[in-house]
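Peer 1: okay, sequence plus prediction incoming.
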Amino acid sequence: MATVIVVTSGKGGVGKTTTSASFATGLAQRGYRTVVIDFDVGLRNLDLIMGCERRVVYDFVNIINGEANLNQALIRDKRVENLHILPASQTRDKEALTKEGVERVLNDLRQSFEYIVCDSPAGIERGALMALYFADEALVVTNPEVSSVRDSDRILGILASRSRRAEQGDPPVKEHLVLARYAPERADRGDMLSVEDVLEILGIPLLGVIPESQTVLQSSNSGVPVILEDGSDAGVAYGDLVDRFLGKNLPHRFITPQKKGFLKRLFGGG
Amino acid sequence: MGLFENFFRSSANKSAALAKERLQIIVAHERGSRRGSPDYLPALKKELLEVVRKYVPVDQSQIKVHLDREGGYEVLELNITLPDDEPRSVRNQEGLTGSSRG
């Protein structure tokens, strides 16, 4: 039985696509047949982050409209086995995503995949609503910043009222918090919301904390999901996140400041 | 950033505490107004429309249902616009005094 996971946030630019790419890659690395779908019709970017932008021929909307079949549109990842990408359409508008069409495609994908990761667009318009409607679980990506936390709370309300599970009275969508772009030093100084602050406000279980890291930009420059960047803090944090999602009980890393030497503290840096 | 500010962390600005306080207030407020629109509203709206349709032909879009909370009680507001050929408009306001949940 396939599990549908939406990666959502409400606010834009908090790391949904980065998280979708690394999360899906991590699941596939661990042997699960995984597909990641870009729901951002008109503004597709998952293909760039995954580094397969030049291999896009058909897209999600083509499949919904019956203009191509799944095998023609799915892009097989060249680095990780078991991983496929379904790109969004760049030319249509969000109205092209119909509930019936999305459901049909998801049902087809359920036949061949164990995890279906839906990369939601920002906002609460049709693309975002369709990305979360069929979800069994949700990764809510939040930055430690007021507008992001507020928008995440709004999205949690929508998950609880407008998902299929909510409408049909099934057990609710399982919610996970992904706190991204976290700077433990700043939280420690009291000028950034801490992990505890965000958890207290949103009240959902913490799946992972992704530290603010230069590697995220570097990996997007080269089209490599950051989880594949061995040794980078953000990559390691995403690895932990995937393991926790799959049931491992791992302590959270990167939530306390790294010890700095006396001179470094005196003269700044970091 | 001054050398001393950097060295003596305690002198740094504690804006995170303010952020947390503001968020707790706004999030509680917005959750409250979400709960103010209960699950049965769409069904209620549909059934009311069916009743009205027994007597007057009205369109789905011509009925508006609002639930507001004022002080200790809730106000259910129905607004039905009748078709133009009959220049009457029924405006029916009904106050429901429920148990104060807030």
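Peer 2: That came in fine, so what should we check first?
Peer 1: use CA for all of it now, contacts and neighbours both
Peer 2: Fine.
Peer 1: can you report phi and psi for A:Arg104?
Peer 2: phi -60, psi -40 (degrees, to the nearest 10).
Peer 1: what is the burial count for the residue lying closest to it once chain neighbours are set aside?
Peer 2: Excluding its sequence neighbours, the residue lying closest to A:Arg104 (C-alpha to C-alpha, 6 or more residues apart in numbering or on different chains) is A:Ile64, at 7.7 Å. Residues near A:Ile64, counting by other C-alpha atoms under 10 Å in any protein chain shown, number 21.
Peer 1: would you check that A:Ile64 makes contact with A:Val102?
Peer 2: Yes: at 6.8 Å, A:Ile64 and A:Val102 qualify as touching, with contact defined as C-alpha atoms under 8 Å.
Peer 1: wait, what's in contact with the residue nearest to A:Arg104?
Peer 2: A:Leu97, A:Gly101, A:Val102, A:Arg104, A:Val105 (C-alpha atoms under 8 Å, 6 or more residues apart in numbering or on different chains).
Peer 1: any idea how far A:His84 is from it?
Peer 2: Distance of A:Ile64 to A:His84, computed by C-alpha to C-alpha, to the nearest Å: 17 Å.
Peer 1: burial measure for A:Gly101, as a count.
Peer 2: Residue neighbour count, defined by other C-alpha under 10 Å, stands at 17 for A:Gly101.
Peer 1: host element of it?
Peer 2: A:Gly101 is part of helix A:99-112 when elements are defined by DSSP states H and E.
Peer 1: now swap in A:Gly208 and tell me
Peer 2: strand A:206-211.
Peer 1: which outside residues touch that strand?
Peer 2: A:176-184, A:199, A:233-234, A:237-238, A:240-241, A:244-245, A:252-255.
Peer 1: from the chain's centroid, how far away is the helix or strand following it?
Peer 2: Counting by DSSP H and E, the element after strand A:206-211 in chain order, helix or strand, is helix A:214-222. The chain centre lies 16 Å from the centre of helix A:214-222; the measure is C-alpha atoms, centre = their mean, to the nearest Å.
Peer 1: other SSEs contacting helix A:214-222?
Peer 2: Applying 3 or more C-alpha pairs under 8 Å, 6 or more residues apart in numbering or on different chains; DSSP states H and E, we find helix A:214-222 packed against helix A:46-50.
Peer 1: what do you get if the cut-off is 10 Å, keeping everything else the same?
Peer 2: Here helix A:214-222 touches helix A:16-29, helix A:46-50, helix A:233-245, going by 3 or more C-alpha pairs under 10 Å, 6 or more residues apart in numbering or on different chains; DSSP states H and E.
Peer 1: indicate which one of those helices is closest to chain B.
Peer 2: Proximity to chain B, assessed across the helices and strands packed on helix A:214-222 by C-alpha to the nearest C-alpha, is greatest for helix A:16-29 (21.7 Å).
Peer 1: after that closest one, which helix or strand is next?
Peer 2: As assigned by DSSP H and E, the chain's next helix or strand after helix A:16-29 is strand A:34-38.
Peer 1: what strands line up against that following strand, and which way round?
Peer 2: Strand A:34-38 pairs in its sheet with strand A:83-86 (parallel), strand A:115-119 (parallel), by DSSP bridges.
Peer 1: deepest of the ones you listed, which one?
Peer 2: strand A:115-119 (a mean of 26; mean count of other C-alpha atoms under 10 Å in any protein chain shown).
Peer 1: quick check: mean pLDDT of the strand holding A:Gly208?
Peer 2: The average of the pLDDT scores along strand A:206-211 is 97.
Peer 1: what pairs with it, parallel or antiparallel?
Peer 2: Applying DSSP bridges to the sheet, strand A:206-211 is found paired with strand A:174-182 (parallel).
Peer 1: how far off helix A:233-245 does the partner strand point, in degrees?
Peer 2: Interaxial angle, strand A:174-182 versus helix A:233-245 (axes from the mean of the first three to the mean of the last three C-alpha atoms, to 10 degrees): 170 degrees.
Peer 1: low-scoring stretches of the chain, by residue?
Peer 2: By default, I'm working from chain A. Applying pLDDT under 70 to chain A flags residues A:260-270.
Peer 1: the chain in question should be chain B.
Peer 2: Within chain B, the ranges that satisfy pLDDT under 70 run B:1-13, B:33-39, B:42, B:69-72, B:85-102.
Peer 1: quick one, helices of it?
Peer 2: For chain B, the helices defined by DSSP state H cover B:3-7, B:15-35, B:41-55.
Peer 1: hey, what's A:Thr142 bridged with?
Peer 2: Following DSSP bridges, A:Thr142 is listed with bridge partners A:Leu179.
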